[in-house]
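S.K.: Dropping a prediction and its sequence here:
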Amino acid sequence: MMYDNEDVIKNSSVLYGSDFLSEFNVNETAMNCGFSEPVYNRSVKGLTVEEASKSGYKDIAVLEPAKIFLNFGDTESAPNGLSVYDFADKYEWLLYSLHQSTNARLYVLSVSDDSQKANDFNTALKTLCKETHCDFIDISSVIGSSLPYKTLFNILRPKMRTSHVTFAEAMSLR
């Protein structure tokens, strides 16, 4: 998918993933929650970690983000999807590619499914994050939430910040 990157604010946060994140209207949620920093969602429905690791990450690198939040595994955890080993291997290549092409801090979000295969993927992702110096964020609480994207935003909000919390924000005055 092509985006016009000319109006993008550098050193912001970028969401990059597949099915679950592709439906997240992060800008509207951020505005409704009083979050004033720019957040871009470059997720694509059906995008696999393998496709992202081959060339998709280049669309993210040109944004020069400070933080990248990754969420893959929805497609791969399907019954005929990748094995845990292959998934972790392809995810590692994506993380390596992003480390090489950006100065961004990388956050890996758990696979947002409650299947056993998703649990195995998440275990592999936790290990991978330790090995690659990325941060793992467990988003399993969004699965049963009545407002999953607001719950997700509240989990990610502290990590998305590039500036310090002001007194007014802390006191919910703004």
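M.R.: That came through, no problem. The model shown is predicted, which means the values in this text are computed figures rather than measured ones.
S.K.: Which strand or helix spans the residue lying closest to residue 98 once chain neighbours are set aside?
M.R.: The shortest distance from residue 98 to any non-neighbouring residue, by Cβ to Cβ, 6 or more residues apart in numbering, is to residue 57 (5.4 Å). Using the backbone N, CA and C atoms, a C-beta is placed for each residue, glycine as well. For residue 57, the element it lies in under DSSP states H and E is helix 57-61.
S.K.: give me the low-pLDDT residue ranges for this structure?
M.R.: Filtered on pLDDT under 70, the chain yields the residue ranges 1-7, 163-174.
S.K.: any chance you could map the strands in it?
M.R.: Assigned by DSSP state E, the chain shows strands spanning 13-17, 39-41, 67-71, 105-109, 135-137.
S.K.: Mind checking those for the one nearest to residue 33?
M.R.: strand 39-41 (10.9 Å; Cβ to Cβ).
S.K.: Kindly reformat the strands of the chain as a markdown table containing mean neighbour count.
M.R.: Shown next, in a markdown table, are the strands of the chain (neighbours: other Cβ atoms under 10 Å):
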| stretch | mean neighbour count |
| --- | --- |
| strand 13-17 | 26 |
| strand 39-41 | 20 |
| strand 67-71 | 25 |
| strand 105-109 | 21 |
| strand 135-137 | 15 |
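S.K.: TSV please, covering those and showing distance to residue 162.
M.R.: Below are the strands of the chain laid out as TSV (distance: least, Cβ to Cβ, whole Å):
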stretch	distance to residue 162
strand 13-17	7
strand 39-41	10
strand 67-71	7
strand 105-109	10
strand 135-137	15
